[in-house]
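> Next one to model:
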Amino acid sequence: MRRFPLSIVVSVQPARFEAATFKGDLDANLAQVAALGYDGAELAIRDPRQVDVDELERLVHKHGLAVPAIGTGQAWGEEGLSFTDPDAEVRRAAIERVKSHVPLAARFNAVIIIGLLRGIVKPGVTQEQAMTWLVEALQECAAAAAPAGVRLALEPINRYETTLINNVDEGLALIEQVGAANFGLLLDTFHMNIEEPSIEESIRRAGERIFHFHVADSNRWYPGAGHLDFRSILATLAETGYRGFVSGEFLPRPDVETAAREAIAYLRRVLD
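Coordinates of the predicted model:
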C-alpha cells in the first residue's frame, strides 16, 4: 500500500473545538509532533491577521514539518462566522476571512479547509437560500485563491452538525455548481462512517476531487480505537491516485500524547 505522509491537527490559536488535537504551546506541540514521527502539522488558524507568519514559518521549519492544510473552523466556533448566516455582514466577514488565509496557504503550499465555516440553516432561512449563499461564497473564495495556486477543500459533515453537504454525493454536486478547478473535497472518516453507506465506494466516487483526507475512528478517537477498517479505507484511497497527506483530527483521548502516539503507530502498521 502507498505510504501516505501523515499529519495531525495543531491549533495555532486558543480554541474550544475538542478535536483540534494539539492545543497550547505551539513550539512544544510542533516539537512533539515531529518527535512522534509525523511528517506534517495541519494548522488550525482562526484569524491569520493575528498570527506572526514569519515566526510560524520558522517554527514549522525548525521542526522539519510540512503544512498540508489550514483549518478555518475556529472562525465559526469562536466567532460565529459563516457563509450562510442571515446577516449579510456576517456572511461577508466569513468570505473575507477565507480570503485572508490565501497568502498564508500559498506560503505553505497548503489547502484551505472549509468545515463548519459554511454554516448551518438558521431559523428564517430556507435550505435553498442557504445553498445559494454557500455556492456564491465558494465561487468568490475560489476565484480569489486561484491566482495564488491555492486550493479549497470543503468537508462533508454529518447531519447532526449541519444540513449543508453531509456526504460525498452532495459534495460532488456542489463542486459542479461552484465550477472551480481549485475547489474539491476533504473527506473525514468519522463523518463518512455516519453518512456513507460504503466509505470505500464513496472514496472511489470522489476520486480526483479529494484534496485532503482526515482520519478519526468511529468513536472520534484515534485510528485503531474504534471499529473502522483503515486498511481497506486507505487502500481504496491509494487506488484513486491520491498523493496528499492523511491527517489525524480526533479527540485527545485519553490524553493528547497517547492519542497522537497510538494513531501514528497504528497507521504505520496499516500502511506498511
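
> From now on I want contacts and neighbour counts done on CA atoms only, so please keep to that.
Fine.

> From the contact counts, what lies against the helix or strand containing residue 139?
According to DSSP states H and E, residue 139 maps onto helix 127-145. Helices and strands touching helix 127-145, by 3 or more C-alpha pairs under 8 Å, 6 or more residues apart in numbering; DSSP states H and E, are helix 88-108, helix 168-178.

> what's the next helix or strand along the chain from the first one packed up against?
Which is helix 88-108. For helix 88-108, the following helix or strand on the C-terminal side (DSSP H and E) is strand 111-114. Under the contact criterion of 3+ C-alpha pairs under 8 Å, 6+ apart, strand 111-114 touches strand 69-71, helix 88-108, strand 152-154.

> Mind listing residues that contact the longest one?
Right, the one you point to is helix 88-108. Contact with helix 88-108 is made by 47-49, 53, 66-70, 72, 75, 81-85, 111-112, 117, 137, 140-141, 144-145, 148-150, as judged by C-alpha atoms under 8 Å, 6 or more residues apart in numbering.

> what do you get for stretch 177-190?
113, 135-136, 138-139, 142-143, 146, 150-156, 168, 171, 175, 199, 206, 209-220.

> could the helices and strands packed on strand 111-114 go into TSV alongside distance to residue 241 and mean neighbour count?
Shown next, in TSV, are the helices and strands packed on strand 111-114 (distance: least, C-alpha to C-alpha, whole Å; neighbours: other C-alpha atoms under 10 Å):
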stretch	distance to residue 241	mean neighbour count
strand 69-71	19	26
helix 88-108	22	19
strand 152-154	17	26
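
> In a markdown table: those, plus mean pLDDT and distance to residue 23.
What follows is the helices and strands packed on strand 111-114, written out as a markdown table (pLDDT from 0 to 100; distance: least, C-alpha to C-alpha, whole Å):
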| stretch | mean pLDDT | distance to residue 23 |
| --- | --- | --- |
| strand 69-71 | 98 | 14 |
| helix 88-108 | 98 | 20 |
| strand 152-154 | 98 | 23 |
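
> Now these in JSON lines, please, with extra columns for distance to residue 127.
Listed next are the helices and strands packed on strand 111-114 as JSON lines, based on distance: least, C-alpha to C-alpha, whole Å:
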{"stretch": "strand 69-71", "distance to residue 127": "25"}
{"stretch": "helix 88-108", "distance to residue 127": "16"}
{"stretch": "strand 152-154", "distance to residue 127": "18"}
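
> out of these, nearest to residue 268?
Ranking the helices and strands packed on strand 111-114 by proximity to residue 268 (C-alpha to C-alpha) places strand 69-71 first, at 20.7 Å.

> I appreciate the help and will end here.
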